[in-house]
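*Asks:* I'd like to go over a predicted model; first the sequence, then the structure.
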Amino acid sequence: MRKKITLIVIIVLVIAILATSIMAVSEARKMNRTTTRNHVIAITNWMTTEFSQTIDLSKIAKRLVSQYVARDIPLRVTLIKTSGDVIFDSEAEDLESHLMRPEVQKVLKSGQPAEEIRYSKTLGYDLYYYAARITDSDLIVRIAYPLSLEDDTVRSVRTHVLLIGLISILLMGGTLAFAIHKITQPIETITESFESLASGIAATRIEEVHQVYPEMRRLSVSYNRMADTLEEQQSSLRQKQSFLDALVEGLSSPIVVVDDKADVIFINERGMQTFRRFIDPVKYPYPLFLLTHDDKISERAIEIMSGQTQERELVRTLTTSEGMRSYHLTLSPLYDHRVAILFHDRTAEEEAARLRSDFVANVTHELRTPLTSIRGMIDTLRSGRVMKEEQTERFLQLMDVESERLERLVSDLLVLSDIEQNAVDLNEDYFDLTELANEVMTQLEPYATEQEISLKLSDSKRLRISASRDHVKQLLMNLIDNGIKYNRPGGTVTVSWSAFDTHVKTFADRRNISRLTFSVEDNGIGIPEADQSRIFERFYRIDRSRSQEPKGTGLGLAIVKHIALLYNGEVSVRSRLGIGTTIYASLIIPVENQV
């Protein structure tokens, strides 16, 4: 800005001084021309008054010319008859007739003196001609005065005027530039500071003591105070904005803000991922319907903004990147006809409620069946209708079987509850996995022999692992027990494992963590494909017939799953009907001494 103002002022100054110089030179030219004319007229009048019939005018002319020549003024005097003949010329002899000269023609026609400016071919420069007729005579006196003297004077004046103008331009331009600099510098500093504040950068302060003008000092003081206030407010706003951004982006629930047209103008990262729409609504707003595919939500938002309803809660089932999910929506009105919508995913809560309900129903059913049998046999025994000893013994055996079934059920429930409630302790002592597997297989050998099933431990590496020995034992027992139960006579159950380093270290002792995967394979009846995704659910049995004798409590594989999850692992199954089943369970635990 300072450069532009300085340039404009200097240009205006130059134009003004040049215009003044031109006018001065022009006036000097006019004044010089007037002086020349008056001088020539005076000479002419003098010569006409000096003329008489007895005096030779050519002598007077020669004397006059010699006086001017002595002063280096090439004055020219010509005496011309009215017939045009030249009887005397101070510069040349034997001149041709001057009858057709313009000034001569004017004198002859009007009888009055005449003047003319014309280039002289004889002398080679412009001359001012003034001609007048001598009264009562046939002579015309013509004086020619060189204008080159006038031009020299004008050039001298012009040179001095231009020199003075140039000096004035330099002095005034420097003074104005200094004054403009002192005025514009704080303004430019203030402008740059405001730009810095707008960009979030600390603003530059203005030194008040260096300001020449009192008004600029006052402006600088006011600006510095304002900059301090703005920086404090800006810092406070940035902190609040940072806090809000972290809060909104850190929400595990989608949050959306819509305007009065139900167009999305803001959505957090979680919302973009949930609804698979990665468009910045700040730049490109879009209808809420394209996000939720539910008109009811858009209608409710508009109703809240227009004051038609105060109902701010809504429960809807929406299509998301994770499939159909149930959401509890909270709509909160904001300023300037805006509504914030918080999507709380209640699918897990509904699923948990359903699982609790199913669990209670299943536990109730599983407990009721053996209790009903026991109660019925007790009532039969009390009634005395059973008289034979072998029948009584049979009833007692059945009661013992049902009691044992109840005991296994309660035991499995306690184990499952213990697994869900206890956290993993990575500081467990190391133990030999092969020894534990042999111990479990020895414990289950009688049951396997009874079912005509062979147990086999593959040639897996001997490992020492750090985990809860009881948890790992419980996992192996349930996997092997499941392989025995759903096998067929002459079948085999094979146990194996493998470990792969995950390159993760614990914070406690910096031990290497590995993924230990157990594999229990049988060549039994297999599992239908439709049931494979549900076999790890509690109380889920492939055979739903309650008339048949159940082979277990229905909690074995659920216990395996929860033990794996407890150690950040997972479970999976691979099975083909009539060929066999392999169940995999992995644990993320410290492993050492791989042999």
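*Replies:* Ah, there it is.
*Asks:* If we ignore the residues flanking it in sequence, what's nearest residue 523?
*Replies:* Take residue 523 and drop its neighbours on the chain: the residue closest to it by CB to CB, 6 or more residues apart in numbering is residue 580, 4.0 Å away. Placement of C-beta: from N, CA and C, glycine included.
*Asks:* From residue 492, how far out is that neighbour?
*Replies:* Distance of residue 580 to residue 492, given as CB to CB, to the nearest Å: 9 Å.
*Asks:* Give me the common contacts of these two.
*Replies:* With contacts defined as CB atoms under 8 Å, 6 or more residues apart in numbering, the residues adjacent to both residue 580 and residue 492 are 522-523.
*Asks:* the more surrounded of those two?
*Replies:* Between residue 580 and residue 492, residue 580 has the larger neighbour count (other CB atoms under 10 Å), namely 23 against 16.
*Asks:* surely that one meets residue 494?
*Replies:* No - using CB atoms under 8 Å, residue 580 is not in contact with residue 494; the gap is 9.8 Å.
*Asks:* what residues are shared contacts of those two?
*Replies:* In contact with both residue 580 and residue 494: 521-522, using CB under 8 Å, 6+ apart.
*Asks:* what is the mean pLDDT for the helix or strand harbouring residue 231?
*Replies:* For residue 231, the element it lies in under DSSP states H and E is helix 214-249. Average pLDDT, helix 214-249: 77.
*Asks:* What's the first helix or strand after it?
*Replies:* Immediately after helix 214-249, counting by DSSP H and E, sits strand 255-258.
*Asks:* Need the contact partners of that following strand.
*Replies:* Contacts of strand 255-258 (CB under 8 Å, 6+ apart): 248, 264-268, 270-271, 288, 291, 298, 301, 334, 338-343.
*Asks:* In PyMOL, how would I select just the buried ones from the residues you listed?
*Replies:* Only the buried entries of the contacts of strand 255-258 go into this PyMOL selection, using 16 or more other CB atoms under 10 Å:
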select buried, resi 248+264+266+267+268+270+271+288+291+298+301+338+339+340+341+342+343
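*Asks:* I'd like the list of the contacts of strand 255-258 that fall within strands, please.
*Replies:* Counted as lying in strands by DSSP state E, out of the contacts of strand 255-258, are 264-267, 334, 338-343.
*Asks:* Okay, helices next: where are they in this protein?
*Replies:* 2-50, 57-70, 102-110, 148-198, 214-249, 269-275, 289-292, 295-306, 347-383, 389-421, 433-450, 469-485, 556-566 (DSSP state H).
*Asks:* JSON lines please, covering these and showing distance to residue 82.
*Replies:* Formatted as JSON lines, the helices of the chain follow (distance: least, CB to CB, whole Å):
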{"stretch": "helix 2-50", "distance to residue 82": "14"}
{"stretch": "helix 57-70", "distance to residue 82": "14"}
{"stretch": "helix 102-110", "distance to residue 82": "6"}
{"stretch": "helix 148-198", "distance to residue 82": "30"}
{"stretch": "helix 214-249", "distance to residue 82": "80"}
{"stretch": "helix 269-275", "distance to residue 82": "113"}
{"stretch": "helix 289-292", "distance to residue 82": "111"}
{"stretch": "helix 295-306", "distance to residue 82": "111"}
{"stretch": "helix 347-383", "distance to residue 82": "131"}
{"stretch": "helix 389-421", "distance to residue 82": "146"}
{"stretch": "helix 433-450", "distance to residue 82": "151"}
{"stretch": "helix 469-485", "distance to residue 82": "150"}
{"stretch": "helix 556-566", "distance to residue 82": "140"}
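*Asks:* Which of these sits closest to residue 327?
*Replies:* Using CB to CB as the measure, helix 347-383 is the one of those that comes nearest residue 327, at 8.0 Å.
*Asks:* returning to that earlier point: buried ones in the helix holding residue 231?
*Replies:* Of the residues in helix 214-249, 216-217, 219-220, 223-224, 227, 231, 248 count as buried by neighbour count, 16+ other CB under 10 Å.
*Asks:* Need the nearest residue in space to residue 285, chain neighbours excluded.
*Replies:* Among residues not flanking residue 285 along the chain, residue 263 sits closest, at 4.3 Å (CB to CB, 6+ apart).
*Asks:* scratch that, residue 519
*Replies:* Closest to residue 519 by CB to CB, 6+ apart is residue 496, at 4.9 Å.
*Asks:* Quick check: the gap between that neighbour and residue 445.
*Replies:* In terms of CB to CB, residue 496 sits 18 Å off from residue 445.
*Asks:* what's the answer for residue 251, then?
*Replies:* Residue 251 is 55 Å from residue 445, by CB to CB.
*Asks:* same thing with residue 351?
*Replies:* Counting by CB to CB, the gap from residue 351 to residue 445 is 40 Å.
*Asks:* and if you look at residue 59?
*Replies:* Separation of residue 59 from residue 445 (CB to CB): 169 Å.
*Asks:* likewise residue 247?
*Replies:* From residue 247 to residue 445 the distance is 60 Å (CB to CB).
*Asks:* What of residue 98?
*Replies:* Counting by CB to CB, the gap from residue 98 to residue 445 is 158 Å.
*Asks:* show me what contacts residue 332?
*Replies:* 312, 339-342.
*Asks:* What residues does residue 498 make contact with?
*Replies:* With CB under 8 Å, 6+ apart, residue 498 has these contacts: 460-461, 516-517, 519.
*Asks:* Tell me the bridge partners for it.
*Replies:* Beta bridges link residue 498 to residue 517, judged by DSSP bridges.
*Asks:* tilt between the helix holding residue 231 and strand 263-267?
*Replies:* Relative orientation of helix 214-249 versus strand 263-267 (axes from the mean of the first three to the mean of the last three CA atoms, to 10 degrees): 90 degrees.
*Asks:* Please list all residues in contact with residue 120.
*Replies:* Counting by CB under 8 Å, 6+ apart, residue 120 has contacts 126-127, 144.
*Asks:* Can you tell me which of those is closest to residue 532?
*Replies:* Taking CB to CB as the measure, residue 126 is the one of the contacts of residue 120 closest to residue 532, at 121.2 Å.
*Asks:* of the contacts of residue 120, closest to residue 42?
*Replies:* Out of the contacts of residue 120, the member with the shortest distance to residue 42 (by CB to CB) is residue 144, at 15.0 Å.
*Asks:* what's near enough to touch the closest residue to that closest one other than its chain neighbours?
*Replies:* Nearest residue to residue 144 in three dimensions, chain neighbours excluded: residue 76, at 3.8 Å (CB to CB, 6+ apart). Listed by CB under 8 Å, 6+ apart, the contact partners of residue 76 are 65, 89-91, 123, 127, 143-146.
*Asks:* Could you tell me which of the residues you listed count as buried?
*Replies:* Applying 16+ other CB under 10 Å to these, the neighbour count classes 65, 89-90, 127, 143-146 as buried.
*Asks:* Would you confirm that residue 248 contacts residue 268?
*Replies:* Yes - counting by CB under 8 Å, residue 268 is a contact partner of residue 248 at 5.1 Å.
*Asks:* per-domain residue ranges of this protein.
*Replies:* 2-154, 200-247, 252-342, 350-418, 422-592 (automatic domain parsing).
*Asks:* any chance of those domains in TSV, plus distance to residue 192?
*Replies:* Listed next are the domains of the chain as TSV, based on distance: least, CB to CB, whole Å:
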stretch	distance to residue 192
domain 2-154	12
domain 200-247	6
domain 252-342	28
domain 350-418	59
domain 422-592	50
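*Asks:* ranking the ones you listed by mean pLDDT, which is last?
*Replies:* Taking the mean pLDDT of those, domain 350-418 comes last: a mean of 70.
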